[in-house]
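Attaching a predicted model along with its sequence, questions to come.
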Number of protein chains: 2
Amino acid sequence: MRFQPALDKIPAYEAGKPIELVVREYGISPEKVLKLASNENPYGVSPKVSEIIKEAVYKMPLYPDDSYKALKDALAKVHGVDAKNVIQGNGSDQIFDFATRSILNPGDKILQNGKTFSMYSIYAGQCGADTVQTSSELHDLDQFLDLYKKHSPKIIFICTPCNPIGDALDQADLYTFLQKISPDTMVVLDAAYMEFGKIRDPKKEVKASDVISKFPNVLYTNTFSKIYGLGGMRIGYGIASEEMIRAFYKLRPPFNVSQLSQLAAATALNDRDFVENYLKSNLKEMIRYEKFAKKKGLFYFESYANFITIKLDQAKLDSTQTFETLLKEGIILRNLKSYGLNALRITIGRPEQNDRVLERLSELL
Amino acid sequence: MRFQPALDKIPAYEAGKPIELVVREYGISPEKVLKLASNENPYGVSPKVSEIIKEAVYKMPLYPDDSYKALKDALAKVHGVDAKNVIQGNGSDQIFDFATRSILNPGDKILQNGKTFSMYSIYAGQCGADTVQTSSELHDLDQFLDLYKKHSPKIIFICTPCNPIGDALDQADLYTFLQKISPDTMVVLDAAYMEFGKIRDPKKEVKASDVISKFPNVLYTNTFSKIYGLGGMRIGYGIASEEMIRAFYKLRPPFNVSQLSQLAAATALNDRDFVENYLKSNLKEMIRYEKFAKKKGLFYFESYANFITIKLDQAKLDSTQTFETLLKEGIILRNLKSYGLNALRITIGRPEQNDRVLERLSELL
């Protein structure tokens, strides 16, 4: 049987190592494993969400309301848009999938940052499209513009704050850039970490309602996996023009978000205290990692997210080696070797979790 | 912005009306709504699953183990195959999506039954492929073969037992048909209702391990939405050759099934009593609907699933009208008018639910 030739070229996505794997492979008991590898919320999920999900288990047999009205109304209110501008996804990943499939054909191109979320390129590859990327680690919009003019990509992916680096664009710079992009080019603005960014520096804030009204070619995406602590529930969303949302709906499978996931998400939006406490802790603990890196003379990227990426000194240490040493002890961080960086990405944990990581890193680095 | 021209032709999927909508639109209190429209399990979910999900809410923040090892090992054991032959999906819908996208290009064709699950054609349409279908209501394999020779479809979809009709093929007839199909043509065998079928007539049973070892071009799909009562959790799976599963993995988004969904599914497999009791009740209650239809002189399709499709007398009654009358009373059935049938599809409920439906149908039909 002949499958799509485009599939031959697609690499497998490398996820953060799950706790189950470390338990299986190294025989470490689950309670001793500390995973700070996938930018999950170290405080878990709002107790309000836990309570409502326990009460809602009787809904598991029932298909969700396929209009997702309750959730979309809630998201529309939070973002100051109409529900017609919103589409829910099985993670924001599914929104990237809709975006690429709605517009890309074999031979088309996408443009992205040199270091960025690896799934953009994989989804584009599934459509037979090629990826053009900048040579820079930080988002360099001048280089983006040069490559845009040279390659005419159908989609530009901008991740701000950016995973796995942590840098974020100023809204003003982004808008200046967007003004130079044709309205026929889709610009995907992955804002998964936006709430962390704007609390550190309000200049980094890009509002969905504002950006889509000024630039109808922009797709704003966000997720419940980070500040809302629902990574395991697979729920994200896109906000865009009605026209774009309508096209995505043609690609949306029915019941694309689970019954409990949509309920968890709609509930999570109502516990603002939980989010605010996490954001405060994240910033405070981030500074501990920055101080540590400075003290050790290690380069780190200033981060507007819930993780910090620290480069190791190549002459002395290989990130793979450090990653594996820690893994065997039950500490799971993210090795960025596959991104071409001799660096570790560490999710900012709770204070006591960071104590454990910083203590071991002090010894190893 | 120019979206894929193929999207223009795609109709929206029409889901069974959710309880939420009837509550919203007709002001009926939720406990008075009876939904027998989407072939959900009327007994809900195994209590063992409910218990484990309540205890597992703390896992919501964590991305699932992306290898889905626990679930795939359990499915492999149940079906007598290797875990390498299994892929999990966000509903079996996602497996159909992988199948179509792995092989179809604009201008290609799929072949399906005249009346069948409407998503096959929608997924094919998303790839720009056209749908050829038989003119018959029941699966007519001679007609399938004629159309196969004439149109050379890349994929043949066979749903047995078939939704929304309820008929099922004998395994022997299916195998005779499969022997005549080129190994380069993918055959998708949607077995969502297989467990209901084989209890009514063992000749209808098609085993995944057997069919994929004899016919490596067959993709067997099944779901946790029906006998396991997990429709709201969005979890299905495909079983096929390692080669086919590998191709699908190239299209699989990471974390495609939620943390709680995979746990619910793996747990559901272990409560066989729950399933057996449901299967017994389903068959017993099905016979009540058959007796009712016979008494009223209405045609019904003999059903090997958990629903029955009864045709109305076109001269006397329109199914849309009857459907809407019942809807306003809070009884949700499935109107098959959009399938070109003046018929209602009724999910077989619990005895007391069927009492209510049969009483009203006696008055209306």
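The structure has been received and is ready for your questions. Numbering: from 1, shown residues only, chains lettered A, B, ... in the order given.

On the three-state scheme, A:Ala192 is what?
State at A:Ala192, reduced to three classes by DSSP: H, G, I helix; E, B strand; the rest coil: coil.

What residues does it make contact with?
Residues in contact with A:Ala192 (Cβ atoms under 8 Å, 6 or more residues apart in numbering or on different chains) are A:92, A:159, A:163, A:221-223, A:225-226, A:236. For glycine as for every other residue, the C-beta is placed from the backbone atoms N, C-alpha and C.

From A:Lys280, how far out is it?
As judged by Cβ to Cβ, to the nearest Å, A:Ala192 and A:Lys280 stand 19 Å apart.

Quick one: the strands in the stretch 201-350 of chain A, in order.
A:218-223, A:236-239, A:307-311, A:331-332, A:334-335, A:343-347 (DSSP state E, counting those that start in this stretch).

quick one: which of these is nearest B:Asp73?
B:Asp73 lies closest, by Cβ to Cβ, to one member of those: strand A:331-332, at 22.3 Å.

for the contacts of A:Ala192, which one is nearest A:Pro11?
Closest to A:Pro11, out of all of the contacts of A:Ala192 and judged by Cβ to Cβ, is A:Asn163, at 17.4 Å.

The helix ranked longest in chain A and chain B in contact?
When chain A is parsed with DSSP state H, its longest helix is helix A:272-296. No: applying Cβ under 8 Å from any Cβ of the partner chain, one finds helix A:272-296 out of contact with chain B, separated by at least 10.8 Å.

hang on, the earlier thing: please list which of the contacts of A:Ala192 are also close to chain B.
A:Ser225.

Throw the contacts of A:Ala192 into a markdown table and include neighbour count and pLDDT, thanks.
Output for these, formatted as a markdown table (neighbours: other Cβ atoms under 10 Å in any protein chain shown; pLDDT from 0 to 100):
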| residue | neighbour count | pLDDT |
| --- | --- | --- |
| A:Ser92 | 26 | 97 |
| A:Cys159 | 26 | 97 |
| A:Asn163 | 22 | 95 |
| A:Thr221 | 28 | 98 |
| A:Asn222 | 25 | 98 |
| A:Thr223 | 24 | 98 |
| A:Ser225 | 25 | 97 |
| A:Lys226 | 28 | 97 |
| A:Gly236 | 25 | 98 |
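
now, which of the contacts of A:Ala192 sits nearest chain B?
A:Ser225 (7.6 Å; Cβ to the nearest Cβ).

The closest one is in contact with A:Val45, isn't it?
No: using Cβ atoms under 8 Å, A:Ser225 is not in contact with A:Val45; the gap is 10.8 Å.

Can you lay out the strands of the stretch 201-350 of chain A as CSV showing distance to B:Glu242?
Shown next, in CSV, are the strands of the stretch 201-350 of chain A (distance: least, Cβ to Cβ, whole Å):
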stretch, distance to B:Glu242
strand A:218-223, 33
strand A:236-239, 31
strand A:307-311, 36
strand A:331-332, 29
strand A:334-335, 29
strand A:343-347, 33
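
closest to B:Leu344 out of the ones you listed?
Across these, closest to B:Leu344 is strand A:236-239 (Cβ to Cβ), at 35.5 Å.

other SSEs contacting that closest one?
helix A:69-79, strand A:86-89, helix A:92-103, helix A:208-214, strand A:218-223 (3 or more Cβ pairs under 8 Å, 6 or more residues apart in numbering or on different chains; DSSP states H and E).

need these in CSV with distance to B:Lys294, can you?
Below are these laid out as CSV (distance: least, Cβ to Cβ, whole Å):
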stretch, distance to B:Lys294
helix A:69-79, 41
strand A:86-89, 45
helix A:92-103, 47
helix A:208-214, 58
strand A:218-223, 54
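
Nearest to B:Ser118, out of the ones you listed?
Using Cβ to Cβ, the nearest of the helices and strands packed on strand A:236-239 to B:Ser118 is helix A:92-103, at 19.6 Å.

mind listing what the first helix or strand past the closest one going along the chain pairs with, with the direction of each?
For helix A:92-103, the succeeding helix or strand toward the C-terminus, using DSSP states H and E, is strand A:109-112. With DSSP bridges as the test, strand A:109-112 is paired with strand A:130-133 (parallel), strand A:155-159 (parallel).

Deepest in the core, which of these is it.
Most buried of those by mean neighbour count (mean count of other Cβ atoms under 10 Å in any protein chain shown) is strand A:155-159; its value is a mean of 26.

show me what contacts the closest residue to A:Arg101 other than its chain neighbours?
Excluding the flanking residues, the one nearest A:Arg101 by Cβ to Cβ, 6 or more residues apart in numbering or on different chains is A:Leu251, at 5.5 Å. Applying Cβ under 8 Å, 6+ apart to A:Leu251 gives the contacts A:97-98, A:101-102, B:7, B:126.

so what's A:Glu40 up against?
A:225-226, A:229, A:231, A:347, B:61-63.

ChimeraX command for the buried members of the residues you listed?
Paste this into ChimeraX to select the buried members of the contacts of A:Glu40, with burial taken from 16 or more other Cβ atoms under 10 Å in any protein chain shown:
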select /A:225,226,229,231,347 /B:61,62,63
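
B:Gly340: which of the contacts of A:Glu40 is nearest?
A:Ser225 (42.5 Å).

what's the pLDDT at the nearest residue to the closest one once chain neighbours are set aside?
Residue nearest to A:Ser225 in three dimensions, not counting chain neighbours: A:Gly231, with 3.9 Å by Cβ to Cβ, 6+ apart. As predicted, A:Gly231 sits at a pLDDT of 97.

Does A:Gly231 touch A:Thr347 like I think?
No: applying Cβ under 8 Å as the test, A:Gly231 and A:Thr347 come out as separate, 10.7 Å apart.

where do the contact lists of those two overlap?
A:38, A:40.

In the stretch 251-365 of chain A, which residue sits nearest chain B?
For the stretch 251-365 of chain A, Cβ to the nearest Cβ, closest residue to chain B: A:Gln259, 3.0 Å.

And the pLDDT at that residue?
pLDDT, read off for A:Gln259, is 96.
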